[in-house]
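Peer 1: Need coordinates for the following:
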Amino acid sequence: MECYTKLIEFHALYPRIVMALGMFDGIHLGHQRIVKTAVRRAREIGGTALVFSFLNHPRAVVDPQRSPRLIGSDVLRRKILERLGVDVLVEIPFTPNFAKTDATDFVALLHQYCAPQYVVIGENYTFGRFGRGTPDLMRQEAKRYGFRALVCDPVIRDGEPISSTRIRGLIQHGDIAKVNEYLGYPFSIIGTVVHGEARGRLLGFPTANIELQDENESLPNGVYAVTVAHGAEQYAGVANIGNNPTFGGCRRRLEVHIFDISKDLYGDRLTVSFHARIREERRFSSAEELKAQIERDKKTSISVIAEIFHLQENISMVI
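Peer 2: Predicted coordinates:
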């Protein structure tokens, strides 16, 4: 997948562009329907599947006080889009000047740089200044510029359309099962391992410490069953999100005890995928009490991961 962060004449480089439009925050099942529709149509006409999006959330510019935290990182979003078959990803900065672009001028811009044969959007997609552009307007503009507008129905779960807003609420409440169901993949945090206080190692449960990013939506403090991707390898593990209250507290972070691994991970990038919430974070009266609880958490995590992946209960590496 080719990635761009500025506008160029894409139509001169890529034939028969089929464009998917959206912020695609989280790439949930509804977003995936839009992207898959674009990819499928591009393959049918021997064209190029292009996703047009933004590096930052538009609301961060037009309404900063109500700007949402993002679901996952840019790295994860790009990885998922590539897996879905996207050929070209265009992510440009959403700036105050860009926010002044009228809806019809936005479509003219797409035509100027991409000259798409198809534009694929969701039924609640809005565009242009003040979000005044609607799917109906896109259909009208399609006739002017000679492309076809394809409007995808939302994906319904539990009687309501899946949306990034719904998923953020579920993340905040720690409802991992629903989050993963609506995303269509495990909620994940990608980060670089940093140095901690090495208390986990002294307890016999060494941990990889990852700083949490303020701009990303986060699960509530607690202990979780996880899998961890390190390069091409994947492992089961147990993770804690919180402030380490047993040892006097610290800056909120993610600590992961990875089963059956002895590598030095400092400076390495890990993908931590969450599968179930085991318990709340709490303060223990002693290191020995905490150690006994971690052992129980480890057994619970292995059981959960084994059930999810239909593996034997004593297996620790998840392929």
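Peer 1: Which pLDDT does the model give Arg201?
Peer 2: pLDDT recorded at Arg201 is 60.
Peer 1: list the contacts for Phe187?
Peer 2: 71-72, 171, 176, 179-180, 219, 273-274 (Cβ atoms under 8 Å, 6 or more residues apart in numbering). C-beta coordinates here come from the backbone N, C-alpha and C atoms, glycine included.
Peer 1: what about 10 Å?
Peer 2: Contacts for Phe187 were tallied using Cβ atoms under 10 Å, 6 or more residues apart in numbering; they are 26, 71-72, 76, 167, 170-171, 176, 179-180, 217, 219, 224, 226, 272-275.
Peer 1: Apart from its chain neighbours, what residue comes closest to Ile121?
Peer 2: Excluding the flanking residues, the one nearest Ile121 by Cβ to Cβ, 6 or more residues apart in numbering is Leu21, at 5.1 Å.
Peer 1: What values do phi and psi take at Leu50?
Peer 2: With angles defined as degrees, to the nearest 10, Leu50 sits at phi -120, psi 130.
Peer 1: swap that for Leu150, please
Peer 2: Torsion angles, degrees, to the nearest 10, at Leu150: phi -110, psi 120.
Peer 1: One more: Glu280?
Peer 2: The phi/psi pair for Glu280 (degrees, to the nearest 10) reads phi -80, psi 160.
Peer 1: From Gly146, how far off is it?
Peer 2: Distance check for Glu280 against Gly146: by Cβ to Cβ, to the nearest Å, it reads 57 Å.
Peer 1: What ranges does this protein have for its helices?
Peer 2: For the chain, the helices defined by DSSP state H cover 10-13, 29-44, 59-62, 74-83, 96-99, 103-114, 135-145, 164-172, 176-183, 199-203, 287-308.
Peer 1: Packing partners of the longest one?
Peer 2: Contact analysis of helix 287-308 by 3 or more Cβ pairs under 10 Å, 6 or more residues apart in numbering; DSSP states H and E lists helix 199-203, strand 222-230, strand 233-242, strand 253-258, strand 269-279 as its packing neighbours.
Peer 1: Please spell out the segments of the chain that come in under the pLDDT threshold.
Peer 2: Within the chain, the stretches with pLDDT under 70 are 196-204, 245-250, 285, 310-319.
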